[in-house]
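Participant: How does the following fold in three dimensions:
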Amino acid sequence: MGKTVITYGTFDMFHIGHLKLLQRAKALGERLIVGVSTDEFNKQKGKKVLIPYEQRSEVVANIKGVDFVIPEKSWDQKIEDIKKYDVDVLVMGSDWRGKFDHLNKICEVVYLPRTENISTTELKKSLINFVSVPKEDIIKAFEVIEVLKREFE
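Facilitator: From the prediction side, this is the model:
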């Protein structure tokens with residue numbers, strides 16, 4: 001059997017950066033396991049998620065190349081998972097560089113570069129800006145649309 005690779009993440013608001021990370025992780029081995037952070041674990045980390053764990057894990061499980069998904073419930077779980085699933089390579093984004101080097105004793109640790117110009121944090125900021133458009137501007141926009149629709153009927 002080829003190498004087993006594992007990676008972890010929240011995968012909230014799944015985007016191209018997540019997809020590229022999973023594709024590059026899969027390219028490092030034959031089997032890819034993905035730990036998706038549970039809602040409870042995200043709370044412990046101080047992270048707010050928009051999409052519940054069940055939906056996030058289902059999205060990730062249906063990505064081509066992902067062999068199976070496990071819930072990530074704690075920081076300490078990585079050691080147990082590496083041993084339990086006979087993992088050869090732990091993959092993390094480069095924003096975690098150095099944080100998991102201690103695991104090099106039990107498997108190879110690879111930090112992959114983040115996809116440029118995309119992040120969940122930036123998407124959330126954009127969403128906040130989008131939904132913070134004044135109500136009056138939205139009403140005016142709909143009024144203009146209605147006028148245009150009547151003109152083209």
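Participant: Would you mind finding the longest helix in the chain?
Facilitator: helix 135-151 (DSSP state H).
Participant: Could you tell me how far it lies from the centre of the chain?
Facilitator: Relative to its parent chain, helix 135-151 has a centroid offset of 37 Å by C-alpha atoms, centre = their mean, to the nearest Å.
Participant: Spell out the secondary structure type for residue 23.
Facilitator: helix (DSSP: H, G, I helix; E, B strand; the rest coil).
Participant: Count residues in the vicinity of it, would you?
Facilitator: Other residues lying near residue 23 total 14 when counted by other C-beta atoms under 10 Å. Glycine gets a C-beta too; all of them are placed from N, C-alpha and C.
Participant: and what of residue 84?
Facilitator: The number of residues packed near residue 84 is 11, by other C-beta under 10 Å.
Participant: what residues are up against it?
Facilitator: Neighbour list for residue 84: empty [criterion: C-beta atoms under 8 Å, 6 or more residues apart in numbering].
Participant: quick one on the thing from earlier: could you give the average pLDDT over the longest helix of the chain?
Facilitator: For helix 135-151, mean pLDDT is 73.
Participant: Over to stretch 61-78?
Facilitator: The model assigns stretch 61-78 a mean pLDDT of 96.
Participant: Residues touching it, excluding its own?
Facilitator: Contacting residues not belonging to stretch 61-78 are listed as 6, 8, 19, 22-23, 26, 31-38, 40-41, 44, 53, 57, 60, 81, 90, 100, 103 [C-beta under 8 Å, 6+ apart].
Participant: So what's the gap between it and the chain middle?
Facilitator: The chain centre lies 11 Å from the centre of stretch 61-78; the measure is C-alpha atoms, centre = their mean.
Participant: how about the CA coordinates for that stretch, as PDB?
Facilitator: Taking Å, rounded to 0.1, in the frame of the first residue of the first chain, the C-alpha atoms of stretch 61-78 are listed here in PDB:
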ATOM      1  CA  ALA A  61     -16.000  13.900   2.000                       C
ATOM      2  CA  ASN A  62     -17.300  14.400  -1.500                       C
ATOM      3  CA  ILE A  63     -14.200  16.100  -2.900                       C
ATOM      4  CA  LYS A  64     -12.400  13.900  -5.500                       C
ATOM      5  CA  GLY A  65      -9.200  12.500  -3.900                       C
ATOM      6  CA  VAL A  66     -10.500  12.500  -0.300                       C
ATOM      7  CA  ASP A  67     -10.600   8.900   0.900                       C
ATOM      8  CA  PHE A  68     -12.400   9.600   4.200                       C
ATOM      9  CA  VAL A  69     -13.100  12.300   6.700                       C
ATOM     10  CA  ILE A  70     -12.700  12.200  10.500                       C
ATOM     11  CA  PRO A  71     -13.800  14.700  13.100                       C
ATOM     12  CA  GLU A  72     -11.000  16.800  14.600                       C
ATOM     13  CA  LYS A  73     -11.900  17.300  18.300                       C
ATOM     14  CA  SER A  74      -8.600  18.400  19.900                       C
ATOM     15  CA  TRP A  75      -5.000  19.500  19.200                       C
ATOM     16  CA  ASP A  76      -3.700  16.300  20.800                       C
ATOM     17  CA  GLN A  77      -5.600  14.100  18.500                       C
ATOM     18  CA  LYS A  78      -3.000  14.400  15.700                       C
END
